[in-house]
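> Task: produce atomic coordinates for the following.
(one chain, ligands or ions: 1)
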Amino acid sequence: MDFKNSYEDDSYAAAYARLEFPGTYYLAFRDLPEILATHVAGAKALDFGCGAGRSTRFLVSLGFDAIGVDIAEEMISAAQALSPAGDYRLIASGDLGQFADDTFDLVLSTFTFDNIPTREAKIALFGELTRVLTSRGRIVNLVSAPEIYHYEWASFSTSDFPENQRAKCGDQVRIIVTALDDQRPVIDVIWPDEAYRDVYSASGLEVIDVHRPLGHSDETCDWVNEMTIPPWVIYVLRKA
Ligand SMILES: C[S@@+](CC[C@H](N)C(=O)[O-])C[C@H]1O[C@@H](n2cnc3c(N)ncnc32)[C@H](O)[C@@H]1O
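Here you go, the predicted structure:
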């Protein structure tokens, strides 16, 4: 089945541009500063699938010299409007040819691989991301756990989509970001842990850390399932 990138849409991009780090998104980003401080040496960063620049601004706030790239013109325009001084670049899918080999100490990808439909496409993209990574560089790939599409969350709902329960690796699933003004479902692709590990190995990457953040009772968020079921998986990768 063809895959349509939900983010190539003016009104969705405008809604996404207003999104910061509420609820379940807070959990995605909460532990990243420590993970990056532990694993990354150097400041040159590529934010792969930067969207409206939220993750790029996050990197800049941590002191990284970050460039954001995305295939959605609507999202890149929103990012540039929010941070005129930011470095955002519209690319064709998989085309990182403007960057030399061994350029980045860090490639961060937050949620982007949820939108890459096939094993072949994922391997091709990781091949390019590996090429532009320095020899000591790290790829940090933050993705949705399959369980996010099965349950309810502080910032997401999937109860309208019971077919998600039967989805297998590579199947399309739908999810509503309740934290957004735009309540149209986003289409993602289910990709379990073992399938990611297969893709990393086929891309010449080694997994050096995996983190599955859980909510804590002393946090101000109204957690739904976040304290018992991890909605996100954060992989730290290096060249094998
Ligand atoms: C869920 S958004 C996340 C945006 C941003 N990283 C954040 O955390 O706010 C995913 C983004 O990945 C982008 N994307 C999808 N496929 C891509 C590809 N092949 N190359 C680059 N970006 C892609 C989409 O256009 C979208 O803006």
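> count of neighbours near A72?
A72: 23 surrounding residues under other CB atoms under 10 Å. (C-beta placed from N, C-alpha, C; glycine too.)
> Next one: it from Y88, what distance?
Computed as CB to CB, to the nearest Å, the A72 to Y88 distance reads 11 Å.
> same check, this time on F58
14 Å.
> more neighbours, those two?
A direct count of neighbours by other CB under 10 Å for F58 and Y88 places Y88 higher, at 25 against 20.
> Test my guess that the more buried one contacts L82.
No: applying CB atoms under 8 Å as the test, Y88 and L82 come out as separate, 9.5 Å apart.
> shared neighbours, these two?
Between them, Y88 and L82 share these contacting residues under CB atoms under 8 Å, 6 or more residues apart in numbering: G53.
> Tell me how many other residues crowd the residue of the chain found nearest the ligand.
Nearest to the ligand in the chain, going by CB to the nearest ligand atom, is G51, at a distance of 2.5 Å. Using other CB under 10 Å, G51 has 25 other residues around it.
> again, but for T220
5.
> can you check G49 too?
24.
> SS state for the residue of the chain closest to the ligand?
Three-state assignment for G51 (DSSP: H, G, I helix; E, B strand; the rest coil): coil.
> Would you mind listing what in this structure touches the ligand?
Contacts of the chain with the ligand, taken as CB under 6 Å from any ligand atom, map to 5, 7, 48-51, 54-55, 70-72, 75, 93, 110-112, 115-116.
> Mind checking which of these land in helices?
R54, S55, M75 (DSSP state H).
> my guess is the second one meets D47, correct?
Yes: using CB under 8 Å, S55 is in contact with D47, at 5.2 Å.
> quick one, which of the two is more surrounded?
D47 (31 against 26).
> Could you give the bridge partners of that one?
Note on D47: beta-bridge partners by DSSP bridges are G68, L108.
> Return the residues in contact with it.
S55, T56, L59, A66, I67, G68, V69, L108, S109, T110 are the contacts of D47 under CB under 8 Å, 6+ apart.
> swap in V107?
Residues in contact with V107 (CB under 8 Å, 6+ apart) are A45, L46, F48, L129, V132, L133, G137, R138, I139, V140.
> gap between it and S155?
From V107 over to S155 (counting by CB to CB), the distance is 25 Å.
> residue ranges for the helices of this structure, please.
According to DSSP H, the helices that the chain contains are 10-17, 23-30, 32-39, 54-61, 73-82, 119-131, 193-202.
> so how far is the longest strand that the chain contains from its chain's centroid?
As assigned by DSSP state E, the longest strand anywhere in the chain is strand 133-144. Chain-centre distance of strand 133-144: 12 Å, with CA atoms, centre = their mean, to the nearest Å.
> Tabulate the CA atom coordinates of stretch 161-181 in CSV.
Provided in CSV are the C-alpha atoms of stretch 161-181 (Å, rounded to 0.1, in the frame of the first residue of the first chain):
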residue,chain,number,x,y,z
PHE,A,161,-8.5,2.2,15.5
PRO,A,162,-9.0,-1.4,16.9
GLU,A,163,-7.4,-2.7,13.7
ASN,A,164,-4.1,-1.5,15.1
GLN,A,165,-4.2,-4.5,17.5
ARG,A,166,-3.7,-6.9,14.5
ALA,A,167,-1.0,-4.8,12.7
LYS,A,168,2.2,-6.6,12.0
CYS,A,169,5.7,-5.3,11.1
GLY,A,170,5.4,-2.9,8.2
ASP,A,171,1.6,-2.4,8.5
GLN,A,172,0.2,1.1,8.6
VAL,A,173,-1.5,2.2,11.8
ARG,A,174,-3.3,5.3,12.9
ILE,A,175,-3.0,7.4,16.0
ILE,A,176,-4.4,10.8,17.1
VAL,A,177,-2.2,13.3,18.7
THR,A,178,-4.6,14.7,21.3
ALA,A,179,-2.1,17.4,22.3
LEU,A,180,-2.5,18.9,18.8
ASP,A,181,-5.3,21.3,17.6
